[in-house]
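1. Provided below for reference: sequence and predicted model.
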There are 2 protein chains.
Amino acid sequence: MHDFRFPAHLPFRVSDPSPPPSSSVPAGLPLAPGSEFDLIRRFVPNPVAAGDRADVRVGPGHDCAVVAGDGIALSSDMSVEGVHFRRDWLSARETGFRAAAAALSDLAAVAARPIGVLAALAVRREDADTYAVHLMAGVRAAVESVGGVLLGGDLTRAEQTVVDVTAVGECPRPVLRSGAMPGDEVWVTGELGGAAAYVGALLRDELPDPSGRERFAAPAPRTREALWLAERGVPRAMVDLSDGLAGDVAHVAAASGVAVVLEVEAVPVHGSVWAGAGSDEVARAVAMGGGEDYELCFCARPGSVAGLVAEFVQTFGVRLTRVGRVEAGAGVWRAEPGGGRRALDMGGFQHFGGQG
Amino acid sequence: MHDFRFPAHLPFRVSDPSPPPSSSVPAGLPLAPGSEFDLIRRFVPNPVAAGDRADVRVGPGHDCAVVAGDGIALSSDMSVEGVHFRRDWLSARETGFRAAAAALSDLAAVAARPIGVLAALAVRREDADTYAVHLMAGVRAAVESVGGVLLGGDLTRAEQTVVDVTAVGECPRPVLRSGAMPGDEVWVTGELGGAAAYVGALLRDELPDPSGRERFAAPAPRTREALWLAERGVPRAMVDLSDGLAGDVAHVAAASGVAVVLEVEAVPVHGSVWAGAGSDEVARAVAMGGGEDYELCFCARPGSVAGLVAEFVQTFGVRLTRVGRVEAGAGVWRAEPGGGRRALDMGGFQHFGGQG
């Protein structure tokens, strides 16, 4: 972060133009007086201070935050109103939570321990008050849910809400996309398709299954699950499911130089998907192609996972399911019953994925 | 960064829906095949690879970048079309350069050595081609100009161009805003007001002084200058000038619990300011209140800087000017000729600052 500063050209500057000489240092973040900085102080009511934690040497309120650790993992994820969310679908707090969870999910994908996030926020003039404060409270809630803090950010004006969250974590031994080997098993955490089914129903003006709401509005980054698996040396390659299982494993295939063969019938489908889907095939398509589940998909040595499933489920209350295998070759395929593979008809899955 | 991924709901996905099985791993970034990923590959034509530099353990193409160093400084800076720039004022490449320079300037303010940037970009549907590629080339040019690399980013769609750059640097001993002491001298690098004068002329439909263009379109982060000063133990508190001198030193005053007294007549005014200003007083107001100069302002022990000025100027071709002093108290003041101080009339400066 730099300083959660407002650019000079923000309208607030006009209504409260100058930092007048003052006899007291303002409470909270040590920024200059002024209504715009009061707003920023409301974003960070309890800023992490020097000495609070060893991995944050400098917290909010300076030109940069400074973190420390053995390998710092970084990922930015931008959420745009009308593309990733709509105001009539999500509260301000949910918008912030979801945006931060998406970035934190990328930390989980490499097995990084979260330190914090920077949150750059652009809002309409009229939203630079309660709406922005609630949105940033959602960002804080997400990062605090996985042991991190708000490190800083930026604030500016735009015609639509834009939140860009940069997640920051410690990662001595990152799990990359490039470590999959022929013969590996492909596993996923949790159940897929819930977020896509929820959004699909909203887009069709149908009543969505309420159990899908949390999947869309408050996805839980699989941070602890990823660290647990990595401590046991399980994932050789890992990715988080933001664009959909079929699309995301294609990156593992490309980075590892292998073919990924998915057993479509094995893919765990979130309970909220079935009712709206109408058929098993459509439900599986939603689970395969639907984005923003923020579950993890990893490749592991054959036989290395099965013995851990019961403990994983008991520890986290999250499923762990084998959904395919890695073979020599390239690209993403669909397993055939007899052990062969055929081209994956992504067109069918694509139709149900994402938010249009 | 995560993966420079396109969300599933981007329109490109529709025209090139699936990663078809392919017999070859694509060149460049090891992402899945597809036109959207081809675009991302054009963003990063020569990605930093493992082993290229010790401070980048994982470069673009995975869910996170991973950097290493003794203290990692981080700052995000968001640039929005219509707020920070206009398409008829800046080329795509300049837009990217300027956005990255703004974030890199925050690294300079704490005396961090740049490692790289993450760049999250939102563009209109029709800009997700040449415009986006040129913009990202500008981002790369800025970060490479100070010894860093493009570490990754995100790409999505919006109704207006939004670029959020997170700058990442190594910073064992950050210079903060909180170290100023009564008695310190206040210094600035370079000359102020050039960017504000240029934008002011454009906003008034006047012909701007062309020598001001570079100040607005391609500001140079004062990275090397900051490291040089910090190596000599000079700055006790530092800030970069993004909102204008008067506004930015107010943060130093607040963070350090001191009063900053500015000698307005000493402020170095950029040559392009004089012609359009009409009077010395207006020119100084532009230099005091104008944002986006991306020069540095620092506080130093009395007498510690004067002996270094000649070498600094010779080394960098950049001025170094004493513009004030630190006193006990709070807020920002204007020096009176006899040694006293009076309230700084920021309203007058504000009028000329920023882009309206």
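-> That came in fine, so what should we check first? Numbering: from 1, shown residues only, chains lettered A, B, ... in the order given.

2. measure A:Ile115 to A:Ile40 for me?
-> A:Ile115 is 21 Å from A:Ile40, where distance means CB to CB, to the nearest Å. C-betas here are computed from N, CA, C, even on glycine.

3. these two: which is more packed in?
-> Neighbour comparison, A:Ile115 and A:Ile40: the larger count goes to A:Ile115, with 28 against 25 (by other CB atoms under 10 Å in any protein chain shown).

4. write out the residues of the stretch 201-350 of chain A neighbouring chain B.
-> Within reach of chain B by CB under 8 Å from any CB of the partner chain, the stretch 201-350 of chain A has these residues: A:238-240, A:242-244, A:246-247, A:250-251, A:253-255, A:257, A:259, A:289-292, A:329-333, A:343-344, A:346-347, A:350.

5. can you turn the buried part of those into a ChimeraX selection?
-> Here is the ChimeraX selection string for the buried members of those, based on 16 or more other CB atoms under 10 Å in any protein chain shown:
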select /A:238,239,240,242,243,244,246,247,250,251,253,254,255,257,259,289,290,291,292,329,330,331,332,333,344,346,350
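
6. pick out the residue closest to the middle of chain A.
-> Nearest to the mean C-alpha position of chain A, by CA atoms, centre = their mean, lies A:Ala102 at 1.5 Å.

7. quick one, phi/psi of that one?
-> Main-chain dihedrals, A:Ala102, degrees, to the nearest 10: phi -60, psi -40.

8. what are the ranges of the strands in chain A?
-> Using DSSP state E, the strands of chain A run over A:56-58, A:65-67, A:72-80, A:113-123, A:149-157, A:162-170, A:185-189, A:237-240, A:259-262, A:296-300, A:320-327, A:331-335, A:341-343.

9. distance-wise, check the residue lying closest to A:Gly138 once chain neighbours are set aside relative to chain B.
-> The shortest distance from A:Gly138 to any non-neighbouring residue, by CB to CB, 6 or more residues apart in numbering or on different chains, is to A:Gly96 (2.8 Å). Distance, A:Gly96 to chain B, using CB to the nearest CB, to the nearest Å: 15 Å.

10. what's across from the closest residue to A:Gly303 other than its chain neighbours in the sheet?
-> With sequence-adjacent residues excluded and distances taken as CB to CB, 6+ apart, A:Gly303 is closest to A:Glu185, at 7.9 Å. Beta-bridge pairing for A:Glu185 (DSSP bridges): A:Ala300, A:Arg325.

11. run a quick neighbour tally on A:Glu185.
-> A count of neighbours around A:Glu185, defined by other CB under 10 Å, yields 18.

12. ok, the one 10 residues further on next?
-> Other residues near A:Ala195 number 29, with proximity taken as other CB under 10 Å.

13. do I have it right that it meets A:Glu214?
-> No. Here A:Ala195 does not reach A:Glu214: they are 9.3 Å apart, not a contact under CB atoms under 8 Å.

14. could you pull out the helices in chain A for me?
-> Secondary structure of chain A (DSSP state H): helices at A:12-15, A:35-43, A:92-109, A:130-145, A:194-203, A:213-217, A:223-231, A:245-256, A:271-277, A:280-289, A:309-316, A:346-350.

15. redo those as a markdown table? Include distance to A:Cys64.
-> Output for the helices of chain A, formatted as a markdown table (distance: least, CB to CB, whole Å):
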| stretch | distance to A:Cys64 |
| --- | --- |
| helix A:12-15 | 23 |
| helix A:35-43 | 16 |
| helix A:92-109 | 18 |
| helix A:130-145 | 18 |
| helix A:194-203 | 34 |
| helix A:213-217 | 32 |
| helix A:223-231 | 24 |
| helix A:245-256 | 31 |
| helix A:271-277 | 42 |
| helix A:280-289 | 40 |
| helix A:309-316 | 35 |
| helix A:346-350 | 41 |
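
16. just to check, A:Tyr131 is in contact with A:Ala137?
-> No. Using CB under 8 Å, A:Tyr131 is not in contact with A:Ala137, being 10.8 Å away.

17. wait, what's in contact with the residue nearest to A:Gly138?
-> Residues in contact with A:Gly96 (CB atoms under 8 Å, 6 or more residues apart in numbering or on different chains) are A:Ala119, A:His134, A:Leu135, A:Met136, A:Ala137, A:Gly138, A:Val139, A:Arg140, A:Ala141, A:Ala142, A:Val163.

18. try 7 Å
-> Contact partners of A:Gly96, counting by CB atoms under 7 Å, 6 or more residues apart in numbering or on different chains, are A:Leu135, A:Met136, A:Ala137, A:Gly138, A:Val139, A:Val163.

19. kindly report the same for A:Glu292.
-> Contacts for A:Glu292 were tallied using CB under 7 Å, 6+ apart; they are A:Ala195, A:Pro219, A:Ser242.

20. need the pLDDT of the last one.
-> As predicted, A:Ser242 sits at a pLDDT of 93.

21. is it true that it touches A:Gly291?
-> Yes. With contact defined as CB atoms under 7 Å, A:Ser242 reaches A:Gly291; the gap is 6.0 Å.

22. if we can go back for a sec, from the contacts of A:Gly96, which would you call buried?
-> A:Leu135, A:Met136, A:Ala137, A:Gly138, A:Val139, A:Val163.

23. closest to chain B out of the contacts of A:Glu292?
-> For those, the minimum distance to chain B (CB to the nearest CB) is 6.5 Å, reached by A:Ser242.

24. lowest confidence element among the helices and strands of chain A?
-> Lowest on mean pLDDT, DSSP states H and E among the helices and strands of chain A sits helix A:12-15, with a mean of 25.

25. domain parsing for chain A?
-> The record's domain parsing of chain A by automatic domain parsing lists A:12-170, A:185-350.

26. highest average neighbour count across those?
-> domain A:12-170 (a mean of 23; mean count of other CB atoms under 10 Å in any protein chain shown).

27. ok, A:Ala50 to chain B distance?
-> 9 Å.

28. ok, A:Leu227 next?
-> Distance of A:Leu227 to chain B, given as CB to the nearest CB: 14 Å.

29. from A:Val110, how far off is that residue?
-> 11 Å.

30. run through the residues that contact A:Ala230.
-> A:Ala111, A:Val175.

31. and the pLDDT for the spatially closest residue to A:Ala111 that is not a sequence neighbour?
-> The shortest distance from A:Ala111 to any non-neighbouring residue, by CB to CB, 6+ apart, is to A:Ala230 (3.6 Å). pLDDT for A:Ala230: 98.

32. and A:Ala230, how far is that from B:Ala68?
-> Distance check for A:Ala230 against B:Ala68: by CB to CB, it reads 18 Å.

33. now swap in A:Arg57 and tell me
-> Noted for A:Arg57: a distance of 15 Å to B:Ala68, by CB to CB.

34. now do A:Ser178
-> 19 Å.

35. was I right about A:Gly119 contacting A:Ala137?
-> You called it Gly, but residue A:119 is Ala. No. Applying CB under 7 Å as the test, A:Ala119 and A:Ala137 come out as separate, 11.0 Å apart.

36. where in chain A is pLDDT low?
-> A:1-27, A:346-356 (pLDDT under 70).

37. mind redoing it with 50?
-> Where chain A drops to pLDDT under 50, the residues are A:1-26, A:351-356.

38. was I right to think A:Val163 contacts A:Arg98?
-> No. Counting by CB under 7 Å, A:Val163 sits too far from A:Arg98 to count as a contact (9.0 Å).

39. what is in contact with these two at once?
-> Common neighbours of A:Val163 and A:Arg98 (CB under 7 Å, 6+ apart) are A:Ser79.

40. may I ask which two of the contacts of A:Gly96 are separated the most?
-> A:Ala137 and A:Val163 (12.7 Å; CB to CB).

41. from B:Pro30, how far off is A:Ala180?
-> From A:Ala180 over to B:Pro30 (counting by CB to CB), the distance is 12 Å.

42. tell me the bridge partners for A:Leu320.
-> A:Thr189.
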